[in-house]
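> Generate coordinates for the sequence data below:
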Amino acid sequence: EMGDDKERMKQWKRWQRNPVFSQKEVDKMVRQGVDKLTEMQLTDGGWGWFSGYGERSYPHTTAVVVHGLKIAKDNGAEIPDNVIKRGVEWLKSYEDRETEKIRMWEKRKKNTKPHPSTIDAFVRLVLSENGVFKEEMLDFQFRDKNHYGIYAKSLLGMSLHLAKDAERRDAVM
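Got it, this is the predicted structure:
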């Protein structure tokens, strides 16, 4: 901005309150957000695109919500008991199903896939952040890392870091 700095400072102070720097306002916004996410959690523990009758949980949506709630909790937000736990349980079940699909690929069974997806890498990271380490999916992801783009490779690297596997972490790229 150009002009007199003292005049600009007066213009900036024309509002009586600044919600960006009001801890009370931030706490209120966090409570409202957590309450809304808690309401939107589906009976199976996951989250879908929209809440309501007939909705189903999606791995990416659930992983994003669990990741965000974990960060909020780590930074002092009050998260109701079992909200994160139920989300993690849903993600574990999802990962178990996807691991089985990869395992069955070689046997050419129906409903299989040859490689872990980027979603699988994100789910693995969120599970790792929550203390859930499943070696088999991590092994598949490392084995098939050359099928991943940069984003999925970075997720894999962070998962390996959390698993304290520096040797494989450093070999991802």
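
> for the helix or strand of the chain with the lowest mean pLDDT, packing partners?
The weakest-scoring helix or strand in the chain, judged by mean pLDDT, DSSP states H and E, is helix 5-12 (a mean of 75). In terms of contacts (3 or more Cβ pairs under 8 Å, 6 or more residues apart in numbering; DSSP states H and E), helix 5-12 is not packed against any helix or strand. C-betas here are computed from N, CA, C, even on glycine.

> and the next element down the chain from that helix?
helix 23-40 (DSSP states H and E).

> following that following helix, which helix or strand comes up?
helix 59-74.

> In PDB, list the C-alpha atoms belonging to whatever helix or strand comes next after that following helix.
For helix 59-74, the succeeding helix or strand toward the C-terminus, using DSSP H and E, is helix 83-105. Taking C-alpha atoms only, helix 83-105 is exported to PDB below (Å, rounded to 0.1, in the frame of the first residue of the first chain):
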ATOM      1  CA  VAL A  83     -15.100 -39.800  17.500                       C
ATOM      2  CA  ILE A  84     -11.500 -40.200  16.400                       C
ATOM      3  CA  LYS A  85     -11.400 -43.800  17.600                       C
ATOM      4  CA  ARG A  86     -14.500 -44.800  15.500                       C
ATOM      5  CA  GLY A  87     -13.000 -43.000  12.400                       C
ATOM      6  CA  VAL A  88      -9.700 -44.900  12.900                       C
ATOM      7  CA  GLU A  89     -11.600 -48.200  13.200                       C
ATOM      8  CA  TRP A  90     -13.400 -47.400   9.900                       C
ATOM      9  CA  LEU A  91     -10.100 -46.600   8.200                       C
ATOM     10  CA  LYS A  92      -8.500 -49.800   9.600                       C
ATOM     11  CA  SER A  93     -11.300 -51.900   8.100                       C
ATOM     12  CA  TYR A  94     -11.000 -50.100   4.800                       C
ATOM     13  CA  GLU A  95      -7.300 -50.700   4.700                       C
ATOM     14  CA  ASP A  96      -7.800 -54.400   5.600                       C
ATOM     15  CA  ARG A  97     -10.200 -54.700   2.600                       C
ATOM     16  CA  GLU A  98      -7.800 -53.000   0.200                       C
ATOM     17  CA  THR A  99      -4.800 -55.000   1.500                       C
ATOM     18  CA  GLU A 100      -6.800 -58.200   0.700                       C
ATOM     19  CA  LYS A 101      -7.600 -56.900  -2.800                       C
ATOM     20  CA  ILE A 102      -3.800 -56.500  -3.500                       C
ATOM     21  CA  ARG A 103      -3.000 -59.800  -1.900                       C
ATOM     22  CA  MET A 104      -5.600 -61.600  -4.100                       C
ATOM     23  CA  TRP A 105      -4.400 -59.900  -7.300                       C
END
